[in-house]
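Novice: generate a structure from the sequence data that follows.
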Amino acid sequence: MNNKWPRVLLPIAGMLAWLVASCGLPASTTAATSGSSNTAAISPIVGGPGPTSASTPPADPYKLTILHTSENHGHWTPVEVSKVSEGGIARRATLVRELRAETPNTLLLDSGDISQGTLYFTQYKGAEGRDFYNLLGYDAVVTGNHDFDLGPKSLADNLLTGAKFSMVAANMDFSREPELAGKIQPAVIKTVGGERIGIFGLVTEETAITSSPGPNVKVMDPTQAARDAVAKLSAQGVNKIVLLSHLGFPADRELASEVPGIDVIVSGHTETLMGDPAKIDASLGRPSLPYPVSVNGSSGGPTLIVHAFTWGRLLGRLGLIFNAAGEIVKWEGEPIFINSKISDDPVVAQKLADLAKPLDELKKQVIGQTLVDLDGRRSTVRNQESNLGNMVADATLWATTRDKTQIALVNGGGMRASIPAGDVSIAQVMEALPYGNRLVQIDLTGADVIAALENGVSMIETDAEKSAGRFLQVGGLKFIADLSQPVGSRIAEVQVGTAVSGYVPIDKGATYRVVTLDFMYGGGDGYTMLKNGQNTRGGDVPEEQAVIEYIKSHSPVSPQVEGRIALAR
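Specialist: As a prediction, this is how the structure comes out:
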């Protein structure tokens, strides 16, 4: 091994030394190339769990490195968070190339939701994700629920056709959908460094609710599908098995304890930050879990769960050592921060530049009309009911109709510009809602709804320009607040809209389906009570996209200030 390490690989020098020393293998071991030439697909099966593992000393050890990403959602260009430039597909390409050059036997995997979420998806419908993943040499990807957002035909035409990587989903039956039949496999077998690695995928059962797979696609129980996939792979002599999961981390942890024979779960669907708090950049937040999470299942052997957070800001890297029986005997790894210290790959950067050019015209596209000025002034949205705020709240309810949401809570601080009466363009919506917040649906008690409203009116200042962004714009309810009362005791009355009885008093003990924003759900602007929510869904649909589609469907719009919020001083 060269003693001179590329700049981006300095953090992993110790890991590679550990791999070489542990395996007793020469450092010149050649990394396997990715691609479909070393891939075999397996067909659906019915069977029991695979063989259990026992703890045995290493014999003929085999080392494998898994590089992985999750929840990219169309973020091909870097995003700026707390003045830190994070992510970017061209930087990712450089990092992947250098890691492959230095690390033997490498797989590059993704846990789904590749493209939906930005204007790139609006323009290219996922074809740009296919092209980028082809350029980087991804080996396998599970279909995320939002990869189905434009329906089976669009998925087939834009993401699947021409893909050089395998798409897997073991708990989805595509046999009655002609656009997808035979194009997405339950599992594949990849040959890496002379060893066969089984890879299968699982997708959330909520896909039919949160996306558009169509009536011909059946989503099956993921636990049984996992048992079947492990059994089929094991029957073919595969003793190293990786699950690409789009179930979410809590479901992954439960599944790991119930289904033996899975060595690694590459997790997705949730926005889970793993790693050492001392090493994770502060701009990403504080990780809630170590990397990896080890779960001892019914077989007694470990199943390792890894997650690479969101938007391509991290590249997960997990180093594994297997003994001859296919049991993991050692592991080490960490997520690698993708920032401006990593240079752009020139080929990928040029591809990105070419794709970006038409987006400038797309932003100018008129999506509808408004008959009234939409008031997004700071002095309005942070202090009182706004017609723009009402429309945004209504749009979030409309976008989550299939999840039967009743109440919308959105922070006024996320609204940054007004839109004058007349034609409305995509660019104007993005200027008014610039943060890329995403919709999250939760079950929340009436008491917690009231607590959220209290937080919203807790920092209203006499100087309207100084009021905090936590002030709420709401849908599905109306409330009265007395600002002369102490903070925490200002909400005097709350009524919730119903289809049958109109507005009725909120019940503190009842449960309401609430749509809010991921920023708030994460505790932003003091909304810690939202973490009490149960049955969490979403986190994928951008707020601005919901508003764009709402305006398209309801144009011309004419939202009014209608008495949802009454403030006494």
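Novice: tell me the secondary structure for the spatially closest residue to Val547 that is not a sequence neighbour?
Specialist: Of all residues beyond its chain neighbours, the one nearest Val547 is Ala395 (4.5 Å), with distances taken as Cβ to Cβ, 6 or more residues apart in numbering. Backbone N, C-alpha and C define where each C-beta goes, glycine included. What DSSP: H, G, I helix; E, B strand; the rest coil gives for Ala395 is helix.
Novice: list the beta-bridge partners for Asn411.
Specialist: Beta-bridge pairing for Asn411 (DSSP bridges): Leu472.
Novice: doesn't Phe519 make contact with it?
Specialist: Yes. In this structure, Asn411 sits in contact with Phe519. The criterion is Cβ atoms under 8 Å, and the distance is 7.3 Å.
Novice: surely Gln495 meets Ser501?
Specialist: No. Between Gln495 and Ser501 there is no contact, the gap being 10.4 Å when judged by Cβ under 8 Å.
Novice: compare these two (neighbour count), which wins?
Specialist: For Gln495 and Ser501, the more surrounded residue by other Cβ atoms under 10 Å is Gln495, and the numbers stand at 15 against 8.
Novice: now name the helix or strand holding that one.
Specialist: Applying DSSP states H and E as the criterion places Gln495 in strand 491-498.
Novice: and the residue nearest to the spatial centre of the chain, what pLDDT?
Specialist: Among the residues of the chain, the one closest to the centroid is Glu71, at 3.3 Å (Cα atoms, centre = their mean). Reading off the confidence values, Glu71 has pLDDT 93.
Novice: show me the contacts for the closest residue to it other than its chain neighbours.
Specialist: With Cβ to Cβ, 6+ apart as the measure, Thr310 is the residue that lies nearest to Glu71, at 4.2 Å, once sequence neighbours are left out. Thr310 sits next to Ser70, Glu71, Asn72, His73, His75, Glu271 when contact means Cβ atoms under 8 Å, 6 or more residues apart in numbering.
Novice: would a markdown table of these with secondary structure be doable?
Specialist: Formatted as a markdown table, the contacts of Thr310 follow (three-state DSSP):
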| residue | secondary structure |
| --- | --- |
| Ser70 | coil |
| Glu71 | coil |
| Asn72 | coil |
| His73 | coil |
| His75 | coil |
| Glu271 | coil |
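Novice: still on that earlier bit, neighbour count: Asn411 and Phe519, which is higher?
Specialist: Here Asn411 and Phe519 are compared on neighbour count by other Cβ under 10 Å; more neighbours surround Asn411, at 27 against 21.
Novice: circling back to that earlier point, most neighbours, which of the contacts of Thr310?
Specialist: Neighbour counts for these peak at Ser70, which has 32 neighbours (criterion: other Cβ under 10 Å).
Novice: surely that one and Val141 touch.
Specialist: No. With contacts counted by Cβ under 8 Å, Ser70 stays clear of Val141, the gap being 10.3 Å.
Novice: shared neighbours, the two?
Specialist: Asp110, Ser111, Gly112.
Novice: please flag which of those sit within strands.
Specialist: Among these, the members falling in strands are Asp110 (criterion: DSSP state E).
Novice: contact partners of stretch 343-359?
Specialist: Counting contacts by Cβ under 8 Å, 6+ apart, the residues touching stretch 343-359 from outside are 76-77, 88-91, 93-94, 97, 119-120, 123-124, 128, 131-132, 135-136.
Novice: go again using 6 Å as the cut-off
Specialist: In this structure, residues lying in contact with stretch 343-359 by Cβ atoms under 6 Å, 6 or more residues apart in numbering are Trp76, Ile89, Ala90, Arg91, Ala93, Thr94, Leu119, Gln123, Glu128, Leu135.
Novice: what is the neighbour count of the first one?
Specialist: Applying other Cβ under 10 Å, we find 23 residues neighbouring Trp76.
Novice: mind listing what's buried in the strand holding Gln495?
Specialist: Counting neighbours by 16 or more other Cβ atoms under 10 Å, one finds that the buried residues in strand 491-498 are Ile491, Val494, Val496, Gly497.
Novice: ends of stretch 100-115, what's the gap?
Specialist: One end of stretch 100-115 to the other measures 24 Å (Cα to Cα, to the nearest Å).
Novice: for Asp131, see how far away Gly162 is.
Specialist: As defined by Cβ to Cβ, to the nearest Å, Gly162 lies at a distance of 8 Å from Asp131.
Novice: neighbour-wise, which of these two wins?
Specialist: Neighbours per residue, other Cβ under 10 Å: of Gly162 and Asp131, the larger number sits with Asp131, 17 against 11.
Novice: nearest residue to the more buried one other than its sequence neighbours?
Specialist: Across the structure, with Cβ to Cβ, 6+ apart as the measure, the residue nearest Asp131 apart from its sequence neighbours is Lys351 (6.7 Å).
Novice: can you tell me the element the one you found falls in?
Specialist: For Lys351, the element it lies in under DSSP H and E is helix 346-363.
Novice: report the rounded mean pLDDT for that helix.
Specialist: The average of the pLDDT scores along helix 346-363 is 94.
Novice: for it, buried residues please.
Specialist: Using 16+ other Cβ under 10 Å as the burial criterion, the residues of helix 346-363 that qualify are Val348, Ala349, Lys351, Leu352, Leu355, Leu359, Lys363.
Novice: which SSE is immediately downstream of that helix?
Specialist: Immediately after helix 346-363, counting by DSSP H and E, sits strand 366-370.
Novice: which residues sit against that next one?
Specialist: For strand 366-370, the surrounding residues in contact (Cβ under 6 Å, 6+ apart) are Ala421, Asp423, Val424, Ser425, Ile426, Ile548, Ile551, Lys552, Ser555, Pro556, Val557.
Novice: quick check: chain neighbours aside, which residue is closest to the last one?
Specialist: Right, Val557. What sits nearest to Val557 in space, not counting adjacent residues and going by Cβ to Cβ, 6+ apart, is Thr370, at 5.0 Å.
Novice: pLDDT score for that neighbour?
Specialist: In the predicted model, Thr370 carries a pLDDT score of 98.
Novice: how about Val230?
Specialist: Val230 carries a pLDDT score of 97 in this model.
Novice: tell me, how many neighbours does it end up with?
Specialist: That count, for Val230 with other Cβ under 10 Å as the rule, works out to 26.
Novice: PyMOL command for the buried members of the contacts of strand 366-370?
Specialist: The PyMOL selection below is limited to those of those classed as buried (16+ other Cβ under 10 Å):
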select buried, resi 424+425+426+548+551+555+557
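Novice: now whichever strand or helix holds Glu80: buried residues?
Specialist: Taking DSSP H and E as the definition, Glu80 sits inside strand 79-81. Along strand 79-81, the positions that meet the burial threshold by neighbour count (16+ other Cβ under 10 Å) are Val79, Val81.
Novice: that strand pairs with which strands?
Specialist: strand 84-86 (antiparallel).
Novice: how far is the next helix or strand along the chain from the partner strand from where the chain is centred?
Specialist: Per DSSP H and E, the first helix or strand lying C-terminal to strand 84-86 is helix 89-102. The gap between the average C-alpha position of helix 89-102 and the chain average comes to 22 Å, counting by Cα atoms, centre = their mean, to the nearest Å.
Novice: and helix 89-102 with helix 346-363, angle?
Specialist: Computed by axes from the mean of the first three to the mean of the last three Cα atoms, to 10 degrees, the angle separating helix 89-102 from helix 346-363 equals 160 degrees.
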